[in-house]
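Peer 1: Just the structure for this:
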Amino acid sequence: MIDRRMMLAALAATLGAGASVPAAATRPQRMGRRDLEGVWTTASYTDLQRPKSLPRLVVTPAEAEAYEAPLRALNGLAASAPGTVGQAENEFLDRGDGLARVKGQIRSSWIIDPPDGQIPWSSAARARGFDVFPPLQGLDNPEDRTGPERCLASVNGGAPMVGAPDANHFQIVQTRDAVVILSEKYHDARIVTLDTGRPRTPMPPSWLGESVGRWEGDTLVVETSGFRPGVTSRGFLLFATGATRVVERFTRLTPDELFYEFTVEDPVLFSRPWRAEMALPAAKGRIFEYACHEGNYSLSGILAGARLEEREAQTPAAAR
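Peer 2: Numbers count the residues shown, from 1 in each chain. You can find the predicted model right below:
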């Protein structure tokens, strides 16, 4: 059986400390809550943005029950409209047990600033349809389609991490010089290089950007930038450009809970920085392989259908 933890430790050791250092030698000397290792989950009925039916950040138990009750039958998602076949009825869902409990409060959104719980889109981002879900998508080239559709970018496979209808598990492995965050969905392994004060060569722009971490007391602070040029869609209203900067904070509150905070800024996408926080529980199960290819297999049909619609639009109705 493959030991995923040892594989991740070896990977982090190779990238962060040099291939000549044995993985076992990179085990950090941690004390108390600086140990973030484990398998955690972002699964929750609470979404990134606040729904219209819950106008306040903190809700009462009665309000939470009224919101959660109609979603329980499909593990956290609303049923599809009559006459349609949707994700909720046809896939294994993993949205936890209800709305998130954070600092003893029942929360209606991850976003706490702006106070309305909404992403502060720039006028340019709104003009391009980034503020709607599903977002407006081009059909000229494969690159126009979203990252999740192409099985390339997931909502908890980079910075920041948020929840999705399924595959919300992620694993943290620590070494002396790096922290690895492995997401179940699309199995991205994000390497967080710890700032040890030694010279470091910046990485080239990439889908996940470059993550550099430091300890502030018992909190791991991770700054991520260096995303690839253009716009990367990770689904569920998460986008990144070459100007995006994300600051995350991970604090282990108890053996079974991580407190997770992040701030996102991007002058191209947003009119101001925005901030979110979440309590992430330890996962009840293991990470499994998430094999995703249907979007890639369908690309030729998606683009062919768009070309057919274009030809039909140019053909007079009488000639069809």
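
Peer 1: Give me the below-cutoff pLDDT ranges for the stretch 51-200 of the chain.
Peer 2: 85-87, 134 (pLDDT under 70).

Peer 1: can you map out the strands along it?
Peer 2: For the stretch 51-200 of the chain, applying DSSP state E, counting those that start in this stretch gives strands covering 58-59, 101-102, 105-107, 111-113, 169-174, 178-183, 189-194.

Peer 1: how about the following helix or strand past the last one as PDB, C-alpha atoms only?
Peer 2: This points to strand 189-194. Following strand 189-194 in sequence order, the next helix or strand is strand 210-216 (DSSP states H and E). Only the C-alpha atoms of strand 210-216 are listed here, as PDB (Å, rounded to 0.1, in the frame of the first residue of the first chain):
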ATOM      1  CA  GLU A 210       3.700  30.500  -5.400                       C
ATOM      2  CA  SER A 211       2.900  30.100  -1.600                       C
ATOM      3  CA  VAL A 212       5.400  31.200   1.000                       C
ATOM      4  CA  GLY A 213       4.700  30.600   4.700                       C
ATOM      5  CA  ARG A 214       5.900  31.900   8.100                       C
ATOM      6  CA  TRP A 215       4.900  31.200  11.700                       C
ATOM      7  CA  GLU A 216       3.400  33.900  13.800                       C
END
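
Peer 1: List the buried residues for the next helix or strand after strand 210-216?
Peer 2: Next in sequence after strand 210-216, counting helices and strands by DSSP H and E, comes strand 219-225. By 16 or more other CB atoms under 10 Å, the buried positions in strand 219-225 come out as T219, L220, V221, V222, E223, T224, S225. Every C-beta, even on glycine, is put in place using the N, C-alpha and C of the backbone.

Peer 1: Please determine how far the fifth one is located from G157.
Peer 2: Okay, so that is E223. 18 Å (CB to CB, to the nearest Å).

Peer 1: next one: the second one
Peer 2: Using CB to CB, L220 is found at 18 Å from G157.

Peer 1: What sits closest to D131 if chain neighbours are left out?
Peer 2: What sits nearest to D131 in space, not counting adjacent residues and going by CB to CB, 6 or more residues apart in numbering, is W121, at 4.5 Å.

Peer 1: Let me see the contact set for that neighbour.
Peer 2: Residues in contact with W121 (CB atoms under 8 Å, 6 or more residues apart in numbering) are F130, D131, L269, F270, S271.

Peer 1: ok, the first one - contacts?
Peer 2: Applying CB under 8 Å, 6+ apart, one finds that F130 lies in contact with W121, L136, V231, L237, F239, L269.

Peer 1: got it, and the third one?
Peer 2: For L269, the contact set (CB under 8 Å, 6+ apart) comprises W121, S122, A124, A125, F130, F239, T241, A243, T244.

Peer 1: Then V59?
Peer 2: V59 makes contact with Y67, L99, I106, R107, S108, according to CB under 8 Å, 6+ apart.

Peer 1: isn't the third one right up against T60?
Peer 2: Looking back up the chat, that one is I106. Yes. Counting by CB atoms under 8 Å, I106 does reach T60; the two are 7.3 Å apart.

Peer 1: Which one of those two is surrounded by more residues?
Peer 2: Between I106 and T60, I106 has the larger neighbour count (other CB atoms under 10 Å), namely 21 against 10.

Peer 1: closest to E89 out of the strands of the stretch 51-200 of the chain?
Peer 2: The minimum distance between E89 and the strands of the stretch 51-200 of the chain falls on strand 169-174, with 22.6 Å, by CB to CB.
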